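A.B. asks: Sequence first, predicted model second:
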Amino acid sequence: MTVAETAYGKVRGAEIADGVLAWRGIPYAAPPVGESRLRPPLPPQPWPGTRDALGYGNRSLQPEPLADPAAPPMAEDCLYLNVTAPAGATGRPVLFWIHGGGFEMGQATDQAGDGAAFAASHGIVVVTFNYRLGALGFLDVPAEHPTGAFGLHDQIAALRWVHENIAAFGGDPGRVTIYGLSAGGKTVTNLLASPLASGLFIRAAESSGGDHLKNPAQARDLTGRFLRALGTTAQRLRAVPAADILAAQATVATPPQSTWIWRASVDGVALTSSPLTAIAGGAAAGVPLLLQTCVRETALYQLMNPEVVDQTERVLTGYFGAERAEQMQASYAAYYPDLDETELRVRIMSDERYVVRTGRLADAQAAHAPVWRSRYDGEYTGIEDDPDPEFAQFAPLLVGAHGADGVGIFRGGDGLSAALHDAWGAFVASGDPGWIRYAPDGGRHAMVFAPDGPQAQPDPFAHARQTWAGLDWQPGTWWSVGGVS
């Protein structure tokens with residue numbers, strides 16, 4: 001049957017592959033427009049009859065230059081989700097995918113596609129969704145509460161919809177695994193810590209995640225800069241056209257300089273403390289966690305803008321002072337004697353943004369639940385499907401780069417992609433990806449998805465952990481952008 005009944009009305013899907021059904025563009029919340037702009041989402045309005053769920057819903061407003069020209073339209077009304085399931089499924093495990101894009105770009109199906117491969121290979125129900133991005137999702141509005149994390153509230157609303165409705169599509173609401181990459185991975189950390197998400201999932205996985213929030217000073221600076229660019233006051237934010245919101249966002253900064261500006265704040269509701277503090281305290285006790293990073297994360301950013309790694313010394317000095325920054329760079333040079341200066345800086349910035357913070361998350365959760373770590377060193381999967389055909393020429397530069405694992409995990413194929421797909425499928429289905437657990441007091445084992453095949457290794461992240469041990473820092477943007485850093 002392609003008609004499913006939700007709490008808000010019936011939806012009609014379609015068979016998209018042999019034995020695989022899909023429903024697209026289902027509203028999981030009311031449109032966040034008008035007086036609902038820059039506020040947590042409200043439940044969707046019920047509809048009469050049967051709603052066709054055959055096309056993807058709008059994606060959030062976002063910068064256009066890096067967008068897929070075949071992507072759905074952009075609109076402020078963007079809170080829609082998609083479900084893909086095996087035909088005739090009942091009580092199947094659910095994979096809830098959170099797309100990346102720096103909290104300013106992206107859409108539900110990025111890297112995941114329609115989820116049909118997991119439905120066919122592992123009998124998994126796959127949910128993808130859009131959430132508010134950029135200023136509309138993460139601006140801190142003065143004198144309002146909660147504020148600064150509307151996109152996170154959207155993500156929790158979508159999870160709640162899954163909990164209440166996924167059984168009608170063949171999924172088990174008691175077997176939901178959340179998984180995200182990049183900004184989606186960092187969202188998984190937030191959801192592990194959020195009191196609003198507690199009980200809505202039983203397993204979690206991240207690619208290139210860790211923790212990443214605005215602190216109050218960054219939030220104030222960003223809000224001030226944004227309001228000046230918009231040319232209005234906080235009291236009039238709900239009256240200006242959505243296009244003006246996007247234009248002001250671009251005035252503050254554009255990609256890649258805008259990367260990591262738009263991120264959640266601790267709003268006192270969705271997040272009540274630092275995520276790592278909450279997780280170390282047991283906020284996600286009993287939730288198995290799978291954590292993967294890529295060996296050369298920053299290589300993607302370096303390709304986008306060759307000035308990225310030139311920021312290394314300035315960034316480290318700003319965090320820790322000139323003497324410590326010099327010591328750290330010398331440590332990397334000694335540990336990687338065969339790498340040139342640019343590649344050394346790629347490794348340093350990869351560790352700063354992803355590897356070290358993921359390691360600290362692993363240690364925090366390992367006290368309360370099973371944890372697995374892995375590293376991806378292989379080719380950039382799915383590069384042949386990129387909407388920009390010229391992107392494929394850069395494949396040799398993107399081995400082990402940020403996002404290199406995503407398409408392989410979702411679609412499988414040959415070699416490492418098959419191994420990734422099977423590991424994630426096993427984790428969603430059973431809670432175990434198939435290798436030795438990570439244990440802070442037991443070898444810190446991890447699986448390395450190397451070009452010549454997966455290899456279990458003891459503590460492959462030791463150098464990064466030791467070099468950054470005892471250091472604390474508030475991540476910035478890697479650039480100083482109009483007073484926002």
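C.D. replies: Yep, that arrived. Small disclaimer: the values here were computed from a predicted structure and weren't measured.
A.B. asks: how about the helices in the stretch 101-250 of the chain?
C.D. replies: With DSSP state H, counting those that start in this stretch, the ranges of helices along the stretch 101-250 of the chain come out as 116-122, 134-138, 150-165, 183-193, 216-230, 242-252.
A.B. asks: Now stretch 90-97: buried residues?
C.D. replies: By neighbour count, and taking 16 or more other Cβ atoms under 10 Å as the criterion, the buried residues in stretch 90-97 are 92, 93, 94, 95, 96, 97. Where C-beta positions appear, they are placed from N, C-alpha and C, glycine not excepted.
A.B. asks: And the contacts of it?
C.D. replies: The contact list for stretch 90-97, computed with Cβ atoms under 8 Å, 6 or more residues apart in numbering, reads 85-86, 108, 112, 115, 118, 122-129, 158-159, 162, 166-167, 170-173, 175-180, 184, 201, 410, 424, 428-429.
A.B. asks: do stretch 292-312 as well
C.D. replies: 205-208, 255-257, 259, 329, 342-343, 345-350, 353-355, 358, 373-377, 394, 397-405, 478-479.
A.B. asks: Quick one: mark the members of those that sit in helices.
C.D. replies: Judged by DSSP state H, the subset of those located in helices is 329, 342, 343, 345, 346, 347, 348, 349, 350, 358.
A.B. asks: can you pull the buried residues of the lengthiest strand in the chain?
C.D. replies: The longest strand of the chain (DSSP state E) is strand 171-181. By neighbour count, with 16+ other Cβ under 10 Å as the criterion, the buried positions of strand 171-181 are 171, 172, 173, 175, 176, 177, 178, 179, 180, 181.
A.B. asks: so which of those residues comes closest to residue 442?
C.D. replies: Ranking the buried residues of strand 171-181 by separation from residue 442, with Cβ to Cβ as the measure, puts residue 177 on top at 24.4 Å.
A.B. asks: I'd like to check which residues are in contact with the residue lying closest to that closest one once chain neighbours are set aside.
C.D. replies: With Cβ to Cβ, 6 or more residues apart in numbering as the criterion, residue 177 has its nearest non-adjacent residue at 4.1 Å, and that residue is residue 203. Counting by Cβ under 8 Å, 6+ apart, residue 203 makes contact with 176, 177, 178, 287, 288, 289, 290, 427, 428, 431.
A.B. asks: For the ones in helices among the contacts of stretch 292-312, work out which two are farthest apart.
C.D. replies: Checked with Cβ to Cβ, those reach their widest spread between 342 and 358, with 23.2 Å between them.
A.B. asks: With neighbour numbers in mind, choose between the two.
C.D. replies: Looking at residue 342 and residue 358 with other Cβ atoms under 10 Å, you find the greater number of neighbours at residue 358, namely 27 against 14.
A.B. asks: Next, check the contacts of residue 203 against the strands and list the overlap.
C.D. replies: Among the contacts of residue 203, the members found in strands (DSSP E) are 176, 177, 178, 289, 290.
A.B. asks: From residue 398, how far out is the first one?
C.D. replies: Per Cβ to Cβ, to the nearest Å, residue 176 is found 32 Å from residue 398.
A.B. asks: go on, the second one?
C.D. replies: In this structure, residue 177 and residue 398 are separated by 27 Å, where distance is defined by Cβ to Cβ.
A.B. asks: for residue 82, helix, strand, or coil?
C.D. replies: strand (DSSP: H, G, I helix; E, B strand; the rest coil).
A.B. asks: hey, C-alpha coordinates of the helix or strand of the chain with the lowest mean pLDDT in PDB?
C.D. replies: Evaluated with mean pLDDT, DSSP states H and E, the helix-and-strand set of the chain has its lowest mean pLDDT in helix 299-304, which scores a mean of 92. As requested, C-alpha coordinates have been extracted for helix 299-304 and formatted as PDB (Å, rounded to 0.1, in the frame of the first residue of the first chain):
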ATOM      1  CA  ALA A 299      41.300  19.300   2.200                       C
ATOM      2  CA  LEU A 300      37.800  20.100   0.900                       C
ATOM      3  CA  TYR A 301      37.900  23.600   2.400                       C
ATOM      4  CA  GLN A 302      41.400  24.100   1.000                       C
ATOM      5  CA  LEU A 303      40.100  23.200  -2.500                       C
ATOM      6  CA  MET A 304      37.300  25.700  -2.100                       C
END
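A.B. asks: Helix or strand next in line after that helix, which one?
C.D. replies: Scanning forward in sequence from helix 299-304 by DSSP states H and E, the next helix or strand is helix 312-320.
A.B. asks: any idea how far residue 260 is from the spatially closest residue to residue 257 that is not a sequence neighbour?
C.D. replies: If you skip the residues right next to it in sequence, residue 257 has residue 479 as its closest partner in space, 4.9 Å away by Cβ to Cβ, 6+ apart. Residue 479 sits at a distance of 9 Å from residue 260 (criterion: Cβ to Cβ).
A.B. asks: cool, and residue 108?
C.D. replies: Taking Cβ to Cβ as the measure, residue 108 falls 22 Å from residue 260.
A.B. asks: Equivalent analysis for residue 93, please.
C.D. replies: Relative to residue 260, residue 93 is positioned 32 Å away (Cβ to Cβ).
A.B. asks: Need the pLDDT of the residue nearest to the spatial centre of the chain.
C.D. replies: Within the chain, one residue has its C-alpha closest to the average C-alpha position: by Cα atoms, centre = their mean, that is residue 184, at 1.0 Å. Predicted confidence (pLDDT) for residue 184: 98.
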